[in-house]
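# Pasting the sequence and the predicted coordinates here, then a few questions.
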Amino acid sequence: MKDRYSNRQYIIGAIFLLPVMFFIVKLFFLQVIDPSYKLSASSNVLRNVTQYPSRGLIYDRNGELLVLNQPVYDLMVVPGQLAPFDTAEFAQILEIDKDYIDSEIRKAREYSMFRSSVFLKQISSLTYAVLQEKLYKFPGFYVQPRTLRNYPRDIAAHVLGYVGEVNRRIITEKPDYSQGDYIGITGVENTYEEELRGEKGVNVFLVDVHNRIMGSYQDGRFDAPAVVGNNITLSIDAVIQEYGEKLMQNKIGSIVAIEPATGEIISLVSAPSYHPELLVGRARTRNFSQLAGDTLNPLFNRALMAHYPAGSAFKVINGLIALQEGIVDEYTDYICPGHYTVGRLTVRCRYHSSPKALSGAVQVSCNTYFCHIFRNLLDHPKYGSVTNGFNVWADHVRSFGLGERLDGDFPNELRGNVPLASYYDRFYGENRWRSLQLVSLAIGQGELSVTPIQMANMTAAIANRGYYFTPHILKSIENAEIDKAFREKTMTSIDSVWFEPVIEGMFRAVNGPDGGTARLAEVRGLDICGKTGTAENPHGDDHSVFIGFAPRDNPQIAIAVYAENAGWGSTMAAPIASLIIEKYLTGSVSRKWLEDRILSADFINRVIAVSDEQEN
Amino acid sequence: MSRRINLWANIDWITVMVYLLMIIIGWVSIYSAVYNDDHQSIFDTSQRYGKQLIWMIAALLVGAAVLMTDNKFFFFFAYPFYTFTIFLLIAVLFLGTEVNASQSWFNFAGIQIQPAEFAKLATALALAQYLSTTKRKIHDVRNLLTAGVIIFLPVLFILLQPDVGSSLVFFAFILVLYREGLSGYVLFLMILFGVLSVLALLMNEINMLALLVGTSFVSYFAVSGKFKVAFKAILIFFFCVIIVLLFFRLFSPDTVLDVQLIIGATGGSLILLLLALLYRRNNAAMLAGLLIAAILYTYSVDYVFDNVLMPHQKSRINIVLGFDDDPLGQSYNINQSKIAIGSGGLAGKGFLQGTQTKFNFVPEQSTDFIFCTIGEEWGFAGSLMLHALFIFLLFRLIYLAERQRSHFARIYGYSVIAVFFFHIVINIGMTIGVVPVIGIPLPFISYGGSSLWAFTIMLFIFLKLDAGRMGSLR
């Protein structure tokens, strides 16, 4: 039926079309043009579930396992899926109490009803075996497999270091890491973290808004399995490491043994040490604070971080410098009256036949000889001044890797100290100091301080007759090359021709038929060369020091031993080094009596007794 | 018997087919939206899709019953039904169950009924009855006022529940009044003020004022073509504004600049209005009046927005205007909805392949946000098809309404059309984020018995009236 307004049907039709057209355009932009909504959709609905890789294994130089992984299980809880359960039985299986259950579930609830929270970390496989049977009784709980480090041999805690969960600071600094990841905190675990960690995998699941997994996304097409970390082989010899740690029992100090031809560290002992198992898993935090509180400081890696005087062992370097600089030749000899006295200063020497040239002076560790050559070096007119002479000396010393970090593959190394001329300028005034004031440097005392690894490296440089390779712990690595820098020689500033007289002296110190300072270190047929030291220690008894290598020709091992407060180098450090060299070169120890004497020596309790006495 | 055959032959089967197609699309979409692996059968009555099937069958039975009813029934029972519905709307305020903080549902033995859904039907019938009985001229202000009361009385009670979404639907009836002869200016003004409301919230006061004044002068110049007059008017206007500003500077310098400008602009417009009336320039007078109204309206929109609306209503409006972008807060629904629709692409992810809707990211995905499922799984192609289907239905119903011989049937028909239109535009506009979130269902598609029944009854009454259009009823 027509009426006068019937034309309005078209206007109404237009009014209908207008928004619909607008919607269609809007939908075209939304659905076809704009890609952003597609991206949002995938992050919305897909949940990436991390698959944790197991860390790479660590082997010793002979292929023996030092570090492996043990399976553990994190018990997870999803509060929204919980049903009433027998808490008593649950607590009994997991060896926890009811309060723990209540508080953890409350925490999980506060976090999310639908997302999983860790309920109990690192359940052992034994407990898991029991739990697994009964897990059906506890809906809302499930386990996530993790791994923990396990140490088949109870050794090398300082070398290996430990692994812990990343903290907030690490997550901020290294975006690769996220909550719950492990990271190597010290030692090899830290240095080779990149290689050992492996790659986290991911399983992509479809989840609903409550984070409930609804199934695998596209039948797992986008899943990436976790990639196991690369295994690494250390240059450490587990047998020697273990033996060194055993010899150092009840002592404070360090042993560092290096293969001179490669710079590989055969053994790196810091005593007292700790059981690496202590810093694994749930008990780590508690044990760590206990270890950190120990007055003997077992967490302190003395091999890399302890500053010691170099002691008489350093005389060999002064001998080499004097030869190189032409201050003496191998025949130059000095009379030793049993002391070196200039004015009021007296450096005492022990009795020995006299006069001595370089080899003999090394053999008997003649203080007088080395005071002479050191002062002659500094005062030599060709340098123009004592300062210049001192700088020449110091540069030679540094060329042996002293006074600077060696920058091998170990974290937290300290640099020791080779004093600068400016130090003495400050102390005495510019050009106001004389060689006499520095004379304690002649016998390895004074301002010079070194770390055990620096001493071992210095010994390796002597064994090599003039060069060394940066000491390192890594021998090889799966699927990768080791750092090229470890294969490059570092030359010392001493020409190789000057080493023979010094090495002859070191040989005679150990093997000399006419007596030497390290006769206890002699092993027939091994041609051990060495130098003892008795480092004066302002805090207590002298430290016993020994450096040495063997055999004399084509050396296989260079070693430095420090035993704190153990007196003369000849009585403690030299035998320890000798036993280790023998064990390393021959595979066994022939001198049971010496071994027993070392094992029964106890300096820790002595230190404690002394400090108790002082307190009283 | 002949009557039966007659009815069977006269029913508009095209509309019935579209109706059936739509409820099936709805059913399948609900199945896809709340699909549950444990209950894969679409007939599983423990799930919403199974329940919707029951509602659909029931709706078809109700529709058949409507077709069996005599046409006179609707005419004569329009008022009593309207009265009864008003009574229900009042009763629900006291006896209803509270769902989502609004008191709008009756709960009879497990079946929930929402009187507001049926109020639309009752209002449509009552309006048709009132406007058609005595050939009332709609230009008569008294008639217009009565019609207004019929339309807005239910709104009053629905607002008390409060259910803003359902009450807004009644504004759609203005379209019916327009078809029946209401001045086009009223419709124009409504649209104009609608646009002004949005602009008022989007722009700051001074820009808004400048826009209004500028538009007025430009449109006066465009309409009259008298440049000189327009120029004079501008001079007079700004002279007034400056006087007002100086006045404030002298006597009350602390007054907010906005207020000074409003008063100045209003004053200037008033003087222009008086001058226009004096010189009998009707166009200019109307424009000046409109300007005054627009200025006052703009500021009252801001005032209402700041001081009257509830916080959630404010934030819903803010989201659409783009002020509020807090994906996990109030705009969560809209964002998720847009993500679902946007991720559908051109061809969609395919039936049951929608990830956004299926995994409950979109709230109310089977009721108010059902369009998300369609947009996600059928893509732009599916959205286009659905829009085409709706437009086809609306145009078909306009065609049917226009062929009515009785005023009652035509007015009722347009009421149905207007209500459908409003629901469709608001619902889809909401899911794509161009309209604030107003919880009203998409006709025939959304899950829910009350709305499906209400829409079905509304549509089938019209189809019945249409089938009997050859009868004697005026």
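Noted; the coordinates are in hand. Residues are numbered from 1 along each chain as shown, chains lettered A, B, ... in the order given.
# contacts and neighbour counts: CA atoms only from here.
OK.
# quick one: secondary structure of residue A:341?
Secondary structure, DSSP: H, G, I helix; E, B strand; the rest coil: residue A:341 is strand.
# On the strand side of things, show who it bridges to.
residue A:346 (DSSP bridges).
# Surely it and residue A:347 touch.
Yes. With contact defined as CA atoms under 8 Å, residue A:341 reaches residue A:347; the gap is 6.3 Å.
# Tell me where the model's unsure across the stretch 201-350 of chain B.
B:201-203, B:205, B:223, B:318-332 (pLDDT under 70).
# quick one, helices of it?
Secondary structure of the stretch 201-350 of chain B (DSSP state H, counting those that start in this stretch): helices at B:205-224, B:227-251, B:257-278, B:282-307, B:311-321, B:332-342.
# Just name the most buried of the ones you listed.
Most buried of these, by mean neighbour count (mean count of other CA atoms under 10 Å in any protein chain shown): helix B:332-342, with a mean of 27.
# now for that one, which elements pack on it?
Contacts defined by 3 or more CA pairs under 8 Å, 6 or more residues apart in numbering or on different chains; DSSP states H and E place helix B:332-342 against helix A:36-45, helix B:370-402, helix B:407-431.
# and the helix or strand where residue A:266 lies, which residues are buried?
The secondary structure element spanning residue A:266 is strand A:264-271 (assigned by DSSP states H and E). For strand A:264-271, burial by neighbour count (16 or more other CA atoms under 10 Å in any protein chain shown) applies to A:264, A:265, A:266, A:267, A:268, A:269, A:270, A:271.
# what are the C-alpha coordinates of that strand, in CSV please?
C-alpha atoms of strand A:264-271 as CSV (Å, rounded to 0.1, in the frame of the first residue of the first chain):
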residue,chain,number,x,y,z
GLU,A,264,97.6,-28.1,30.1
ILE,A,265,97.0,-28.1,33.8
ILE,A,266,97.4,-31.7,35.1
SER,A,267,96.4,-31.0,38.6
LEU,A,268,95.1,-27.9,40.5
VAL,A,269,94.8,-28.5,44.2
SER,A,270,93.7,-26.0,46.7
ALA,A,271,93.7,-27.2,50.3
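# nearest spatial neighbour of the residue nearest to the spatial centre of chain A, skipping sequence neighbours?
Using CA atoms, centre = their mean, the residue of chain A that lies closest to the mean C-alpha position is residue A:187, 3.1 Å off. Spatially, and ignoring its direct neighbours in sequence, residue A:187 is nearest to residue A:161 (3.9 Å; CA to CA, 6 or more residues apart in numbering or on different chains).
# Show me which strand runs longest in chain B.
Ranked by residue count under DSSP state E, the longest strand found in chain B is strand B:102-108.
# How far away from the center of its chain is it?
Centroid separation between strand B:102-108 and its chain, computed with CA atoms, centre = their mean, to the nearest Å, is 22 Å.
# strands paired with that strand, and their directions?
By DSSP bridges, strand B:102-108 pairs with strand B:97-99 (antiparallel), strand B:111-113 (antiparallel).
# okay, now the residue nearest to residue A:187: neighbour count?
Residues near residue A:161, counting by other CA atoms under 10 Å in any protein chain shown, number 20.
# how close does the nearest residue to residue A:306 once chain neighbours are set aside sit to residue A:202?
Spatially, and ignoring its direct neighbours in sequence, residue A:306 is nearest to residue A:451 (5.6 Å; CA to CA, 6+ apart). In this view, residue A:451 and residue A:202 are 45 Å apart by CA to CA, to the nearest Å.
# With neighbour numbers in mind, choose between those two.
A count of neighbours by other CA under 10 Å puts residue A:451 above the other of residue A:451 and residue A:202, at 29 against 18.
# show me what contacts the more buried one?
Contacts for residue A:451 (CA atoms under 8 Å, 6 or more residues apart in numbering or on different chains) come out as A:302, A:303, A:304, A:305, A:306, A:307, A:308, A:414, A:415, A:416.
# Out of those, which is nearest to chain B?
The closest of the contacts of residue A:451 to chain B turns out to be residue A:414 (CA to the nearest CA; 51.6 Å).
# Can you pull the phi and psi angles for that closest one?
phi -100, psi 160 (degrees, to the nearest 10).
# Would you mind listing the residues in contact with it?
Listed by CA under 8 Å, 6+ apart, the contact partners of residue A:414 are A:304, A:305, A:306, A:404, A:405, A:451.
# For those, which single residue is the most surrounded?
Result: residue A:451 is most packed of those (other CA under 10 Å), 29 neighbours.
# Now residue 54: closest residue in space, sequence neighbours ignored.
Using chain A here. Per CA to CA, 6+ apart, closest to residue A:54 is residue A:228, 5.3 Å.
# Can you look at chain B instead?
residue B:45 (8.0 Å).
# And for residue A:460?
Closest residue to residue A:460 apart from its sequence neighbours, by CA to CA, 6+ apart: residue A:260 at 4.8 Å.
# go on, residue B:118?
Nearest non-adjacent residue to residue B:118, counting by CA to CA, 6+ apart: residue B:454, 5.9 Å away.
# Can you tell me the number of residues neighbouring residue B:81?
Residue B:81, neighbours per other CA under 10 Å, totals 19.
# Just want to check the distance between it and residue B:250.
As judged by CA to CA, residue B:81 and residue B:250 stand 64 Å apart.
# And for residue B:278?
Look at residue B:278 and residue B:250: by CA to CA, they are 31 Å apart.
# Same check on residue B:237?
For residue B:237, the distance to residue B:250 - CA to CA - is 20 Å.
# Could you do residue A:467 as well?
Noted for residue A:467: a distance of 96 Å to residue B:250, by CA to CA.
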